[in-house]
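# Okay, predicted coordinates and the sequence, questions at the end:
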Amino acid sequence: MQLKPATSSFTRPNLKPSQLPLWWLLKGISLLPFPVLYAFSTFLYLVLYQLIGYRKKVVRQNLERSFPGKSPAELQKIEKQFFLNLTDLIVESLKLISLTPAQLKERLVYKGHEKVEAQVASGTTVLMLGAHLGNWEYMSAASQIIFKASVDGVYKPLASSFFDEFMKFMRGRFGINLVRMKDTLRHLIRHKAEHRIFTLLSDQVPPYGEIQYWTTFLHQDTPFYVGAEKLRTSFKFPAYFVGMRHLKRGYYEIEFQELLPAPTPEEPQDGFLLTDAFAQKLQAWVEQYPADYLWSHKRWKHKRPATV
């Protein structure tokens with residue numbers, strides 16, 4: 001597979017002058033070699049996990065409720081590995097702002113991407129539903145390296161202007177087209193004739209007032225966004241699950257698995273076929289690779305109403 005060059009026309013984010021010192025600091029850190037960054041990650045792990053106990057209560061509760069059959073020793077092993085993965089994610093994400101496409105590609109193994117590419121080539125846009133697995137920032141940034149087809153990625157702007165520009169720069173360095181969540185429908189209508197890959201992180205928690213779907217996920221009542229469901233139904237897109245797991249420290253496998261083909265007239269119009277399929281596939285993946293999921297997030301902060 002021929003590598004695509006970084007397509008950004010700029011060498012740094014669009015920042016205010018007062019924000020440049022922080023940018024140069026982070027850029028300088030990113031230029032450090034991986035062994036130094038991983039040594040810092042190990043130190044950060046000791047501080048966050050052993051000294052401060054950052055969100056340890058949340059992580060422990062999430063793990064205990066998600067894996068009721070595992071022993072305390074098994075849960076603690078997952079917990080420790082998760083926190084080390086988390087600090088690795090921080091330094092690896094910083095490294096993204098100076099990595100070349102070739103350097104990123106050599107850290108990733110892909111499975112199932114040929115089928116996605118073939119479907120786009122046959123004349124359809126493909127939905128790809130990802131989750132907070134492995135290093136999802138690598139997953140996003142590498143999309144336009146993996147695929148010849150154009151790739152769009154949905155994002156939600158951050159409150160901090162610095163980190164919003166920083167994250168957009170980091171994610172978009174290799175050519176992926178970033179689409180604000182609120183512009184999704186407008187963007188797809190505008191580019192309806194251009195067959196492409198459209199990616200979403202689909203395991204985020206909806207605001208309580210916007211919840212339309214509940215299911216049992218990892219032994220707990222869990223809401224999911226249904227935006228991908230509506231896009232598939234409206235635009236007749238096939239949909240894929242994107243899984244990611246560690247191979248070893250700093251190296252990952254990304255696998256693309258079909259969730260559902262494009263909807264047909266015979267398909268039931270009610271229900272949430274895609275959201276059901278995604279939740280089931282994600283649960284199976286997390287059960288197989290538990291330390292690779294984002295356990296520090298308050299995924300189960302909403303309570304399911306008795307009437308649902």
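Received the coordinates, thanks. Residues are numbered from 1 along each chain as shown.
# what's the next secondary structure element after the longest helix along the chain?
In terms of residue count, the longest helix belonging to the chain (DSSP state H) is helix 72-95. The element immediately downstream of helix 72-95 (helix or strand, assigned by DSSP states H and E) is helix 101-105.
# Go through that next one and flag the buried ones.
Counting neighbours by 16 or more other CB atoms under 10 Å, one finds that the buried residues in helix 101-105 are Pro101, Leu104, Lys105. In this view, the C-beta of every residue, glycine as well, is placed from N, C-alpha and C.
# Sort out which residues of the longest helix of the chain are buried, please.
Neighbour counts over helix 72-95 (16+ other CB under 10 Å) mark 75, 78-79, 82-95 as buried.
# quick one: average pLDDT of that helix?
Per-residue pLDDT values across helix 72-95 average out to 97.
# how much distance is there from that helix to the middle of the chain?
Offset of helix 72-95 from its chain centre (CA atoms, centre = their mean, to the nearest Å): 16 Å.
# Alpha carbons of that helix, as CSV, please.
Output of helix 72-95 as CSV, limited to C-alpha atoms (Å, rounded to 0.1, in the frame of the first residue of the first chain):
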residue,chain,number,x,y,z
PRO,A,72,-10.4,-9.3,42.5
ALA,A,73,-7.0,-10.3,41.3
GLU,A,74,-8.1,-10.4,37.7
LEU,A,75,-9.8,-7.1,38.0
GLN,A,76,-6.8,-5.5,39.5
LYS,A,77,-4.6,-6.8,36.7
ILE,A,78,-6.9,-5.2,34.1
GLU,A,79,-7.1,-2.0,36.2
LYS,A,80,-3.3,-1.6,36.3
GLN,A,81,-2.9,-2.3,32.6
PHE,A,82,-5.6,0.1,31.8
PHE,A,83,-3.9,3.0,33.6
LEU,A,84,-0.6,2.2,31.9
ASN,A,85,-2.4,2.2,28.6
LEU,A,86,-4.0,5.5,29.5
THR,A,87,-0.6,7.3,30.2
ASP,A,88,0.8,5.7,27.0
LEU,A,89,-2.2,7.2,25.1
ILE,A,90,-1.2,10.6,26.4
VAL,A,91,2.4,10.5,25.2
GLU,A,92,1.5,8.7,21.9
SER,A,93,-1.1,11.3,21.1
LEU,A,94,1.6,14.1,21.7
LYS,A,95,3.9,12.2,19.4
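# just to revisit the earlier point, nearest to Ser296 among the buried residues of helix 101-105?
Minimum distance to Ser296 across the buried residues of helix 101-105 is 24.8 Å, recorded for Leu104 (CB to CB).
# got a list of what the closest residue to that closest one other than its chain neighbours touches?
Computed as CB to CB, 6 or more residues apart in numbering, the closest residue to Leu104 that is not its neighbour in sequence is Ala142, at 5.6 Å. Taking CB atoms under 8 Å, 6 or more residues apart in numbering, we find Ala142 in contact with Leu104, Lys105, Leu108, Phe174, Ile254.
# Could you pull up the residues touching the residue sitting nearest the centre point of the chain?
The residue lying closest to the centre of the chain (CA atoms, centre = their mean) is Trp136, at 3.9 Å. Trp136 makes contact with Gly130, Leu201, Met244 under the criterion CB under 8 Å, 6+ apart.
# so the second one makes contact with Ala131?
It refers to Leu201. Yes - at 6.4 Å, Leu201 counts as touching Ala131 under the criterion of CB atoms under 8 Å.
# Looking at the two, which is more packed in?
Neighbours were counted for Leu201 and for Ala131 using other CB atoms under 10 Å; Ala131 has more, 24 against 19.
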